[in-house]
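S.K.: got a predicted structure here, sequence first:
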Amino acid sequence: MQIVVEHSEALQGEVQVPGAKNSVLKLMAVTLLAEGEYRLTNVPDIADVDTMCDLLRALGVTSQRVNTHELVLVNTGNITPVAPFEQVDRIRASINILGPLLGRYGSADIAMPGGDDFGSRPIDLHVMGLEAMGATFALNREGVQATARQLHGAHIELKFPSVGATENILTAAVLARGVTSIDNAAREPEIVDLCNMLVDMGAQISGIGTDHLVITGVQPEQLHATDHEVVNDRVQAATYMSAVAVTRGNVFVRGARAEHMEMLINRFSEMGVMITPQHDGLQVSCNQRLHAIDFATLPYPGIATDYKPLLVGMLAVSSGTGIATENLYPGRFRYVDELMKLGADVRIDGHHAVVRGVEQLVGAPVNAPDIRAGAALVVAGLVATGKTTVSDIHHIDRGYDDLVGKLAGIGARISRQ
Ligand code: UD1
């Protein structure tokens, strides 16, 4: 199966932003913390959710999609805290079971996390935080074995605001004895979403949305199952926004939340994209060739590394030269080779990409190297002459809910074949 994209006219109409992959997977993991039935709504229809369902099933939490975007998970209390390699290896977010398992069951045996292959993805910050709370770790090539008779609160300062480490420390702290504080915590909207669900379950958390979280441990019987609506996906929103920008279209991106993407909206505006926040979405239009800008990826509220392939794709067709600086993942420029097959003029220099805008990209066969880069290649294909065929689309399917259908719905010439 491939995605075939043909040169498309200005995109028009309305597109709905689905729930966030980087939130729902973590919300699913915290069902390990308390028995009962959970109902998640606005669940994206993506392969990673199915993988997480398989992983949770192996641990003892059952799940059922009651409709395309609604998932019911049941924790009957019969949990085996051992995660088999086959599931863990398929997604990075499987490491998010570590905190809940340690906090609730005092042990976790997890194969090493997989996920996108973009450079080494250590878990030293997760381990450092959980050790400060009394956990003991054995790390080897096969995986992570962690034990803790009773976690206790601790003061933890992260040397980098890691999303995954913040989440694991937070979810472990919910049932730890005493108070845990996390300084320099990550504060992505998906972490706020996780905190909100935990609070609904009975957790005591303050500082939500800031880089200083304080968690007061509660007893297991004080936690209960809950219903929760998954926050919308700012990266999928950005994907549609960039598609509108390069095709010089005019689309209402329903569910895109300006307050979650302020920095990105500013950058898009500098490039010449007009973005008007409205109730429940953003009106996005562009009637000119984009102007090049320089940008650097940073932890939230900075420009997310997940936006970068989209921005580089936009720079590829902008007037002028722009420099993209990657500060999070050194390996995340590999997709540039694919973009260059479409005629993009990009030079990599360490963690910088220098992009000289060209008048016209040219359709070609390309491979999706990971989720976001795959989507960026699809977007680039919209403004390449002729036909662009994107292979390895299982990467895109991991994180995009009907990318092809949604783009076709706003006028793109695109299909799966
Ligand atoms: C999450 C997102 C991913 C996004 C990333 C950064 C999910 C499933 N994935 O990944 O899409 O690109 O945030 O916004 O939500 N690091 C360490 N030691 C650690 C942990 C991280 O050195 O213990 C480093 C990583 O190697 C990387 C950087 O910190 O260079 C960012 O990692 P982190 O914020 O933890 O991202 P993830 O949670 O893996």
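M.R.: Yep, that arrived. Just so you know, these numbers come straight off a predicted model, no measurement behind them.
S.K.: next helix or strand past the helix or strand of the chain with the lowest mean pLDDT?
M.R.: The element with the least model confidence among the helices and strands of the chain, by mean pLDDT, DSSP states H and E, is helix 85-88, at a mean of 80. With elements assigned by DSSP states H and E, the helix or strand that comes after helix 85-88 is helix 98-105.
S.K.: elements contacting that following helix?
M.R.: In terms of contacts (3 or more C-beta pairs under 8 Å, 6 or more residues apart in numbering; DSSP states H and E), helix 98-105 is packed against strand 107-111, helix 124-132, strand 143-147, helix 163-173. All C-beta spots, glycine's among them, are computed from the backbone N, C-alpha and C.
S.K.: change it to 10 Å
M.R.: Based on contacts counted as 3 or more C-beta pairs under 10 Å, 6 or more residues apart in numbering; DSSP states H and E, the elements that helix 98-105 packs against are helix 21-29, helix 47-59, strand 82-83, strand 107-111, helix 124-132, strand 143-147, helix 163-173.
S.K.: okay, these in CSV with mean pLDDT and distance to the ligand next?
M.R.: As requested, those are arranged in CSV below (pLDDT from 0 to 100; distance: least, C-beta to the nearest ligand atom, whole Å):
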stretch, mean pLDDT, distance to the ligand
helix 21-29, 98, 3
helix 47-59, 95, 8
strand 82-83, 90, 16
strand 107-111, 90, 14
helix 124-132, 96, 3
strand 143-147, 89, 12
helix 163-173, 98, 3
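S.K.: can I get the ones you listed in TSV with mean neighbour count?
M.R.: Below are the helices and strands packed on helix 98-105 laid out as TSV (neighbours: other C-beta atoms under 10 Å):
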stretch	mean neighbour count
helix 21-29	27
helix 47-59	21
strand 82-83	20
strand 107-111	21
helix 124-132	20
strand 143-147	19
helix 163-173	27
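S.K.: so which of the ones you listed gets nearest Pro309?
M.R.: helix 21-29 (15.4 Å; C-beta to C-beta).
S.K.: what's the first helix or strand after that closest one?
M.R.: For helix 21-29, the succeeding helix or strand toward the C-terminus, using DSSP H and E, is strand 36-41.
S.K.: pairing partners for that next one, with directions?
M.R.: strand 70-75 (antiparallel), strand 227-229 (parallel) (DSSP bridges).
S.K.: tell me the buried residues in the last one?
M.R.: Going by neighbour count (16 or more other C-beta atoms under 10 Å), the buried part of strand 227-229 is His228, Glu229.
S.K.: pull the residues that contact it.
M.R.: Under the criterion C-beta atoms under 10 Å, 6 or more residues apart in numbering, residues 19, 23-24, 27, 30, 37-43, 69-70, 72, 193-194, 196-198, 200-201 lie in contact with strand 227-229.
S.K.: pLDDT of the helix or strand encompassing Val284, averaged?
M.R.: Following DSSP H and E, one finds Val284 within strand 281-285. Averaged across strand 281-285, pLDDT comes to 98.
S.K.: and whichever helix or strand comes after it, how far out from the chain middle?
M.R.: The element immediately downstream of strand 281-285 (helix or strand, assigned by DSSP H and E) is strand 295-296. The chain centre lies 19 Å from the centre of strand 295-296; the measure is C-alpha atoms, centre = their mean, to the nearest Å.
S.K.: who does strand 295-296 pair with, and is each partner parallel or antiparallel?
M.R.: Sheet partners assigned to strand 295-296 using DSSP bridges are listed as strand 321-325 (parallel).
S.K.: show the buried residues in the contacts of strand 227-229.
M.R.: For these, a burial check counting by 16+ other C-beta under 10 Å picks out 19, 23-24, 27, 30, 38, 40, 42-43, 69, 193-194, 196-198, 201.
S.K.: now, which of the residues you listed sits nearest the ligand?
M.R.: Ser23 (8.0 Å; C-beta to the nearest ligand atom).
S.K.: surely that closest one and Gln236 touch.
M.R.: No - under the criterion of C-beta atoms under 10 Å, Ser23 makes no contact with Gln236, lying 11.6 Å away.
S.K.: in terms of secondary structure, what does the strand holding Val284 contact?
M.R.: With contacts defined as 3+ C-beta pairs under 10 Å, 6+ apart, the packing partners of strand 281-285 are strand 12-16, helix 234-247, strand 250-254, helix 262-271, strand 274-278.
S.K.: helix 234-247 and that one, what's the angle between them?
M.R.: Using axes from the mean of the first three to the mean of the last three C-alpha atoms, to 10 degrees, the interaxial angle of strand 281-285 with respect to helix 234-247 works out to 20 degrees.
S.K.: export strand 281-285 as CSV, just CAs?
M.R.: Output in CSV follows, covering the C-alpha atoms of strand 281-285 (Å, rounded to 0.1, in the frame of the first residue of the first chain):
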residue,chain,number,x,y,z
GLY,A,281,-10.7,26.3,15.3
LEU,A,282,-8.4,28.3,13.1
GLN,A,283,-9.1,29.8,9.7
VAL,A,284,-6.0,29.3,7.7
SER,A,285,-5.3,30.8,4.3
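S.K.: who are the contact partners of the closest residue to Arg416 other than its chain neighbours?
M.R.: Take Arg416 and drop its neighbours on the chain: the residue closest to it by C-beta to C-beta, 6 or more residues apart in numbering is Val404, 5.3 Å away. When the contact criterion is C-beta under 10 Å, 6+ apart, the partners of Val404 are Ile3, Val4, Val5, Val378, Ile393, Ile396, Asp397, Ala412, Ile414, Ser415, Arg416.
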